[in-house]
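Colleague: Sharing a model prediction with you, sequence too.
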Amino acid sequence: MQINVAARLQHTQEYFFSKKLREIDALNKAGHQVINLGIGSPDLPPHPRVIETLSHYASLDNSHGYQNYKGIPALRTAIAEWYGRYYKVSLDPETEILPLMGSKEGIMHICMTYLQEGDEALIPNPGYPTYRSAVQLSGATPISYSLNAENDWLPNLAELEKRDLSKVKLMWINYPHMPTGAEANDDFFDQLIAFGLKYNILICHDNPYSFILTERPRSLLSRPFAKECVIELNSLSKSSNMAGWRIGMLSAHADRINEILRFKSNMDSGMFLPLQMAAATALELGPDWYSSLHEIYLLRRQKAEELLNVLHCTYSTKQVGLFLWAHIPDDYANAYELSDHILQQAKVFITPGGIFGSEGDKYIRISLCAKEPIFEQAINRIKDIQ
């Protein structure tokens with residue numbers, strides 16, 4: 001019996017990390033202890049109060065039923081207050097916030113809500129691979145826009161305006177940027193909003209890294225006229241060490257929330273109540289929580305820089321976020337070659353930048369989600385094979 005997959009999957013392959021983790025698992029089963037510095041999955045726990053809240057509500061008899069598709073009022077209120085406190089953004093918790101089972105879910109919801117065959121969406125190169133996959137699964141066509149070090153990894157909006165944008169319905173944007181660690185300032189955000197308004201393009205801002213090694217968290221929604229064309233995704237995965245809990249949020253004008261809910265409400269039946277209450281607790285944490293994360297990741301970044309120096313890579317010291325992005329030496333044809341060499345010889349996995357697009361072919365990305373002794377061990381292993 002042979003069943004063909006749907007046409008929508010013809011250009012969509014299994015996620016790179018899904019395949020790579022199987023390869024790493026095989027090496028581990030063969031007796032190797034691979035050090036994985038590739039995936040941005042925080043190795044630290046959430047705040048103890050968050051876990052206590054989860055435990056408390058999970059022990060109650062009435063916590064286990066279906067939940068509201070829009071999330072409980074306590075979580076939406078906590079999100080609104082968090083946005084107001086840290087981003088200086090005013091959101092109506094009743095109409096402008098939609099809790100998500102992780103922001104990755106939101107990427108698909110947005111694409112399926114607004115895109116169809118014949119439409120186009122702008123996606124960054126390099127950028128998060130899920131943007132391209134979600135656009136393709138919707139039936140629309142992804143159109144890459146190049147980012148490079150010469151322009152501080154920001155899109156050249158003047159160049160984009162020279163294109164035919166008549167079929168473009170939305171643009172994926174992500175600052176602090178993954179994988180390059182670039183930041184965007186308020187002036188660029190204002191230009192981006194003006195671009196979206198001029199060409200009737202939804203600007204979809206994916207914003208999960210704004211609390212990691214940054215001077216201050218920024219939201220695109222904080223800028224004038226943003227709600228007229230901006231949808232912003234956010235997440236507790238990085239800022240609260242809750243990646244496996246799958247808790248995110250979508251913020252936008254009430255009309256956008258209602259439109260996206262038309263799709264989302266057909267895909268799930270609401271988030272587990274104890275998770276929502278725990279998320280509300282996480283969002284209530286004060287500046288001390290984020291300061292402690294900053295100190296931890298700052299020390300780890302110093303170790304990651306030491307590792308990159310051993311590899312003779314070059315990098316910017318102005319990067320923010322959960323990763324370190326570096327240009328590889330000319331000895332290697334591309335980053336895949338360097339990544340495979342280190343994995344096979346030193347049993348250390350570092351992500352090749354090419355998985356994020358052709359503009360990343362000469363770059364590697366190191367995750368800061370490992371303790372300092374692990375970085376020391378990785379450094380020593382790499383020194384041993386040189």
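Modeller: Thanks, I have it. Numbers count the residues shown, from 1 in each chain.
Colleague: Tell me what Glu120 is bridged to.
Modeller: Beta-bridge partners for Glu120, by DSSP bridges, are Thr141, Val168.
Colleague: how much space between it and Met171?
Modeller: The gap separating Glu120 from Met171 is 10 Å, by CB to CB, to the nearest Å. C-beta coordinates here come from the backbone N, C-alpha and C atoms, glycine included.
Colleague: Look at those two and report which has more neighbours.
Modeller: The neighbour count for Glu120 versus Met171, taken as other CB atoms under 10 Å, is higher for Met171 (26 against 21).
Colleague: where's the more buried one, which helix or strand?
Modeller: Assigned by DSSP states H and E, Met171 belongs to strand 168-173.
Colleague: mean confidence score for that strand?
Modeller: Strand 168-173 shows a mean pLDDT of 98.
Colleague: Going C-terminal from it, what's the next secondary structure element?
Modeller: helix 186-199.
Colleague: Centre of the chain to the strand holding Met171, how far?
Modeller: Offset of strand 168-173 from its chain centre (CA atoms, centre = their mean, to the nearest Å): 16 Å.
Colleague: Would you map the strands across the stretch 151-300 of the chain?
Modeller: With strands called from DSSP state E, counting those that start in this stretch, the stretch 151-300 of the chain shows them at 168-173, 202-206, 230-235, 248-251.
Colleague: which outside residues touch the shortest one?
Modeller: Surrounding strand 248-251, the residues in contact under the criterion CB atoms under 8 Å, 6 or more residues apart in numbering are 79, 83, 89, 91, 96-106, 109-110, 208, 221, 231-237, 257, 260.
Colleague: Mind doing that once more with 6 Å?
Modeller: By CB atoms under 6 Å, 6 or more residues apart in numbering, the residues outside strand 248-251 that reach it are 79, 91, 96-100, 102-103, 106, 232-235.
Colleague: cool, and the first one?
Modeller: By CB under 6 Å, 6+ apart, the residues outside strand 168-173 that reach it are 114, 119-123, 131, 201-205.
Colleague: Apply 8 Å and report the result again.
Modeller: Here strand 168-173 makes contact (CB under 8 Å, 6+ apart) with 107, 110-111, 114-115, 119-124, 127-128, 131, 140, 143, 155, 192, 195-196, 199, 201-206, 220.
Colleague: so Ser219 touches Ser90, yeah?
Modeller: No: with contact defined as CB atoms under 8 Å, Ser219 and Ser90 do not form a contacting pair (11.0 Å).
Colleague: For these two, list the residues in contact with both.
Modeller: Jointly contacting Ser219 and Ser90 under the rule CB under 8 Å, 6+ apart are Tyr83.
Colleague: Tell me which of the two has more neighbours.
Modeller: Between Ser219 and Ser90, counting by other CB under 10 Å, Ser219 is the more crowded of the two (21 against 12).
Colleague: Toward the C-terminus, what is the element adjacent to the helix or strand harbouring Lys20?
Modeller: Assessed by DSSP H and E, Lys20 sits inside helix 16-29. The helix or strand immediately downstream of helix 16-29 is strand 35-36, counting by DSSP H and E.
Colleague: So in that sheet, which strands flank that next one, and in what orientation?
Modeller: strand 348-349 (parallel).
Colleague: contacts for the strand it pairs with?
Modeller: Residues from elsewhere that reach strand 348-349, judged by CB under 8 Å, 6+ apart: 20, 24, 34-38, 339, 342-343, 378, 381-382.
Colleague: Am I right that His177 is in contact with Asn151?
Modeller: No: checked against CB under 8 Å, the pair His177 and Asn151 is beyond contact range at 11.8 Å.
Colleague: who's more crowded, the two?
Modeller: Counted by other CB under 10 Å, His177 and Asn151 do not tie: His177 has more neighbours, with 26 against 12.
Colleague: Excluding chain neighbours, what is closest to the more buried one?
Modeller: Trp153 (5.6 Å; CB to CB, 6 or more residues apart in numbering).
Colleague: what do you get for Asp186?
Modeller: Counting by CB to CB, 6+ apart, the residue nearest Asp186 is Arg223, at 6.5 Å.
Colleague: Is there a neighbour count for the one you found? I'd like the number.
Modeller: With other CB under 10 Å as criterion, Arg223 counts 20.
Colleague: Lys347 now?
Modeller: Look at Lys347: counted by other CB under 10 Å, it has 19 neighbours.
Colleague: Test my guess that it contacts Gly31.
Modeller: No: using CB under 8 Å, Lys347 is not in contact with Gly31; the gap is 10.2 Å.
Colleague: In the protein, spot the helix with the most residues.
Modeller: The single longest helix within the chain, with elements called by DSSP state H, is helix 287-310.
Colleague: Just the CA atoms from it would do, formatted as PDB, please.
Modeller: Output in PDB follows, covering the C-alpha atoms of helix 287-310 (Å, rounded to 0.1, in the frame of the first residue of the first chain):
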ATOM      1  CA  PRO A 287      13.600  42.600  37.600                       C
ATOM      2  CA  ASP A 288      15.800  40.500  39.900                       C
ATOM      3  CA  TRP A 289      14.800  37.400  38.000                       C
ATOM      4  CA  TYR A 290      15.900  38.800  34.600                       C
ATOM      5  CA  SER A 291      19.100  40.200  36.200                       C
ATOM      6  CA  SER A 292      20.000  36.800  37.400                       C
ATOM      7  CA  LEU A 293      19.500  35.300  34.000                       C
ATOM      8  CA  HIS A 294      21.700  38.100  32.500                       C
ATOM      9  CA  GLU A 295      24.600  37.300  34.800                       C
ATOM     10  CA  ILE A 296      24.400  33.600  34.100                       C
ATOM     11  CA  TYR A 297      24.300  34.000  30.300                       C
ATOM     12  CA  LEU A 298      27.000  36.700  30.400                       C
ATOM     13  CA  LEU A 299      29.500  34.200  31.900                       C
ATOM     14  CA  ARG A 300      28.400  31.500  29.400                       C
ATOM     15  CA  ARG A 301      28.900  33.900  26.500                       C
ATOM     16  CA  GLN A 302      32.500  34.500  27.600                       C
ATOM     17  CA  LYS A 303      33.100  30.800  27.400                       C
ATOM     18  CA  ALA A 304      31.400  30.600  24.000                       C
ATOM     19  CA  GLU A 305      33.700  33.300  22.800                       C
ATOM     20  CA  GLU A 306      36.700  31.300  24.100                       C
ATOM     21  CA  LEU A 307      35.500  28.300  22.100                       C
ATOM     22  CA  LEU A 308      35.100  30.400  19.000                       C
ATOM     23  CA  ASN A 309      38.600  31.700  19.400                       C
ATOM     24  CA  VAL A 310      39.900  28.200  19.500                       C
END
